[in-house]
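*Asks:* Next comes the sequence, and after it the predicted model I'd like to discuss.
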Amino acid sequence: GDSVTQMEGPVTLSEEAFLTINCTYTATGYPSLFWYVQYPGEGLQLLLKATKADDKGSNKGFEATYRKETTSFHLEKGSVQVSDSAVYFCALWYSSASKIIFGSGTRLSIRP
Amino acid sequence: GAGVSQSPSNKVTEKGKDVELRCDPISGHTALYWYRQSLGQGLEFLIYFQGNSAPDKSGLPSDRFSAERTGGSVSTLTIQRTQQEDSAVYLCASSLLAGERGEQYFGPGTRLTVT
């Protein structure tokens, strides 16, 4: 069945470091791909999305490119801030069942 | 506020008791979803409503779990005879249209602890 695998955390970086959080997926058909973020004490928020191969989603300095050939959707940011500390979830949209399949989440901590 | 709201925010219950969790979706959103987030695990899909009907109940873990939605708005997730493994954060989300490709808006969750 469809699934999402993302790198395990926690990931700890210094402020202004480069960030990559890996995400790969297994899916039949052509799902939409997402990154959701959960800041401390808050609900899940959609961070960015890409709906077809080679699309690049971007928001708040974060980017991810839908790579069909490698079935990946890695999240990147060139210079992280303390305020980026959160749990990040990679996900895919399983359209035939109208539900989102989430990865297990990666906790990111940024040191000042 | 125009977001998804859930109540209670925290619930502690004894094993064997029944609990009801409530979700108020964003006004006008026709689709509503329940997920469960267990400690150290990802989000697990439970059930999805389109209007008041539930086309997909495949994620409900057992027959102790049930959900309903009335008036195309508020939804209640009921867990009967709670067990310790039911302890988790229960998240509700809504979207404007069914099948809308992932544009789900999440509530803050209800943290359920079964003692």
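*Replies:* The structure has been received and is ready for your questions. Numbers count the residues shown, from 1 in each chain, chains lettered A, B, ... in the order given.
*Asks:* neighbours around the closest residue to B:Thr70 other than its chain neighbours, how many?
*Replies:* Spatial nearest neighbour of B:Thr70, chain neighbours left out: B:Asn52 (6.5 Å); criterion: C-beta to C-beta, 6 or more residues apart in numbering or on different chains. Backbone N, C-alpha and C define where each C-beta goes, glycine included. Number of residues near B:Asn52 (other C-beta atoms under 10 Å in any protein chain shown) recorded here: 14.
*Asks:* these two touch, right, B:Asn52 and B:Ser73?
*Replies:* No: the pair B:Asn52 and B:Ser73 fails to qualify as a contact (C-beta atoms under 8 Å) at a distance of 9.1 Å.
*Asks:* Give me the common contacts of these two.
*Replies:* Shared contacts of B:Asn52 and B:Ser73, defined by C-beta atoms under 8 Å, 6 or more residues apart in numbering or on different chains, are absent.
*Asks:* what's the strand ranked longest in chain A packed up against?
*Replies:* Longest among the strand segments of chain A by residue count, using DSSP state E, is strand A:86-94. In terms of contacts (3 or more C-beta pairs under 8 Å, 6 or more residues apart in numbering or on different chains; DSSP states H and E), strand A:86-94 is packed against strand A:3-6, strand A:23-26, strand A:32-38, strand A:99-102, strand A:106-111.
*Asks:* now these as JSON lines including mean neighbour count and distance to B:Ser95?
*Replies:* What follows is those, written out as JSON lines (neighbours: other C-beta atoms under 10 Å in any protein chain shown; distance: least, C-beta to C-beta, whole Å):
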{"stretch": "strand A:3-6", "mean neighbour count": "18", "distance to B:Ser95": "19"}
{"stretch": "strand A:23-26", "mean neighbour count": "19", "distance to B:Ser95": "21"}
{"stretch": "strand A:32-38", "mean neighbour count": "24", "distance to B:Ser95": "13"}
{"stretch": "strand A:99-102", "mean neighbour count": "24", "distance to B:Ser95": "10"}
{"stretch": "strand A:106-111", "mean neighbour count": "16", "distance to B:Ser95": "24"}
